[in-house]
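Q: Just need the structure, nothing else, for what follows:
(one chain, ligands or ions: 1)
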Amino acid sequence: MNTLTLLKVATATLIASWGTTPTFAGKLSVVATTPDLAALAREIGGDAVEVKALAKPTEDPHYVDAKPSHIVTLNRADVLIEGGVELELGWLPPLLESARNAKIAAGGPGRIVASQGIRMLEVPTTFDRSRGDIHPFGNPHFLLDPQNVKLIAAQIAGHFTQVDPKSADLFKTNLRKFTTALDLKLAEWQKQLAPYSGSKIVTYHKDFVYLAERFNLEVVETLEPKPGIAPSPAHLAKVIATMKAKNARVILVQPYQNRRTAETVARQTNAVVLDVPQQPGALKDTDTYFELMDYIVRTVATALQETK
Ligand SMILES: [Zn+2]
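A: Residues are numbered from 1 along each chain as shown. Below you'll find the model as predicted:
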């Protein structure tokens, strides 16, 4: 066999092996719509997975800028993790249609819908989308309750095991480690926020309701009159009145929300504006779920102490 023939055989073998191996080095290719879900996938998947998030940490998960590269990423995925309850309604369906990937089809082992099994808060009694509400099936920002994250982690481990049975032991071990660590951290976070039980906070969007419920805080107003509807002067006047009446002096905003509006309200209510991203990686040293929650709990506790 001459060199040229050898090269041809080698190339053919390589292409054939690419055809049967789902991803580079046999790792599962996992795509998550948002960085928080990607962070959980990394905890559970460890070295057996390669994880990508479609949304940037600083992007609003409701309005992600869809790019051609997202289609390529979805086309090559073995597993897709989405938040569900229409969080990604505005941008994911067209990307999935173009990606044409049966492995991540709805209802299959390669598709994880995080909201499944979560006790949803703020489920409207009437279908409200026609009036602009972007939470028609309940509040989709449920990852700020660590108890929900435990359920999602277990769901991820279950799907990973179905798609990649040879790594079942690894997923099981990682899930156990993650859940044990999360229980310990949850107790720590509850202790940190316990002195502020019943404290009143204001948020820009309805994105902290699960955190508030878990840690006994009360969201007395949101700057948006409804999820996805921009603040109006009339609504902000009502927010200011409520904040003064209830002595709420902390406003939480995320990187993609209008901080100036929050600052205007804060000036009139002697309040502070806190930058509290919900996505890992939006700020330095918040790449894991634990680091992110450490940051959120510390930031909120400090502000509540200072405005007490
Ligand atoms: Zn929302």
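Q: low pLDDT regions in the protein?
A: Counting by pLDDT under 70, the chain contains low-confidence residues at 1-24, 127-132.
Q: So which residues of it form helices?
A: Counting by DSSP state H, the chain has helices at residues 3-20, 35-45, 68-75, 92-99, 146-163, 168-193, 209-214, 233-246, 259-269, 289-306.
Q: Compute the inter-axis angle for the third one and helix 92-99.
A: Using axes from the mean of the first three to the mean of the last three C-alpha atoms, to 10 degrees, the interaxial angle of helix 68-75 with respect to helix 92-99 works out to 70 degrees.
Q: Now find how far off-centre helix 68-75 is within its chain.
A: Distance, stretch centre to chain centre, for helix 68-75: 20 Å (C-alpha atoms, centre = their mean, to the nearest Å).
Q: CA atoms only for that helix - export them in PDB, please.
A: Written as PDB, here are the backbone C-alpha positions of helix 68-75 (Å, rounded to 0.1, in the frame of the first residue of the first chain):
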ATOM      1  CA  PRO A  68     -26.800  31.400  12.900                       C
ATOM      2  CA  SER A  69     -24.200  29.900  15.200                       C
ATOM      3  CA  HIS A  70     -27.000  28.800  17.500                       C
ATOM      4  CA  ILE A  71     -28.500  26.700  14.700                       C
ATOM      5  CA  VAL A  72     -25.200  24.900  14.200                       C
ATOM      6  CA  THR A  73     -24.800  24.400  18.000                       C
ATOM      7  CA  LEU A  74     -28.400  22.900  18.200                       C
ATOM      8  CA  ASN A  75     -27.800  20.800  15.100                       C
END
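Q: can you tell me which residues contact Trp93?
A: For residue 93 the amino acid is Pro, not Trp. Counting by C-beta atoms under 8 Å, 6 or more residues apart in numbering, Pro93 touches no other residue. For the C-beta atoms, the positions are set from N, CA and C on the backbone; glycine is no exception.
Q: Ala99: neighbouring residues, count only.
A: 18 (other C-beta atoms under 10 Å).
Q: was I right about it contacting Leu80?
A: No - the criterion here is C-beta atoms under 8 Å, and Ala99 misses it with Leu80 at 9.2 Å.
Q: okay, and the common contacts of these two?
A: With C-beta under 8 Å, 6+ apart, Ala99 and Leu80 have common neighbours Leu74.
Q: As a markdown table, the helices of the chain with distance to Arg111 would be great.
A: Formatted as a markdown table, the helices of the chain follow (distance: least, C-beta to C-beta, whole Å):
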| stretch | distance to Arg111 |
| --- | --- |
| helix 3-20 | 22 |
| helix 35-45 | 13 |
| helix 68-75 | 11 |
| helix 92-99 | 10 |
| helix 146-163 | 8 |
| helix 168-193 | 17 |
| helix 209-214 | 23 |
| helix 233-246 | 38 |
| helix 259-269 | 36 |
| helix 289-306 | 22 |
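Q: most tightly surrounded among those helices?
A: Highest mean neighbour count among the helices of the chain (mean count of other C-beta atoms under 10 Å): helix 35-45, with a mean of 25.
Q: ok, now how distant is the closest residue to Val297 other than its chain neighbours from Leu54?
A: Nearest residue to Val297 in three dimensions, chain neighbours excluded: Trp189, at 4.6 Å (C-beta to C-beta, 6 or more residues apart in numbering). Computed as C-beta to C-beta, to the nearest Å, the Trp189 to Leu54 distance reads 28 Å.
Q: hang on, the earlier thing: nearest to Pro227, of the helices of the chain?
A: helix 209-214 (10.4 Å; C-beta to C-beta).
Q: which other residues reach that closest one?
A: Contacts for helix 209-214 (C-beta under 8 Å, 6+ apart): 121-122, 139, 141-148, 201, 217-219, 296.
Q: which of the residues you listed are buried?
A: Buried residues within the contacts of helix 209-214, defined by neighbour count using 16 or more other C-beta atoms under 10 Å: 121, 139, 141-146, 148, 201, 217, 219, 296.
Q: hmm, which two among these are most spread apart?
A: So, those by C-beta to C-beta: farthest apart are Asn148 and Ile201, at 19.4 Å.
Q: Spit out the contact partners of the most centrally placed residue in the chain.
A: Nearest to the mean C-alpha position of the chain, counting by C-alpha atoms, centre = their mean, stands Asp36 at 3.8 Å. For Asp36, the contact set (C-beta under 8 Å, 6+ apart) comprises 143, 278-280, 289, 292.
Q: Distance check, the nearest residue to it once chain neighbours are set aside against Gly84.
A: Excluding the flanking residues, the one nearest Asp36 by C-beta to C-beta, 6+ apart is Leu143, at 4.8 Å. Counting by C-beta to C-beta, the gap from Leu143 to Gly84 is 12 Å.
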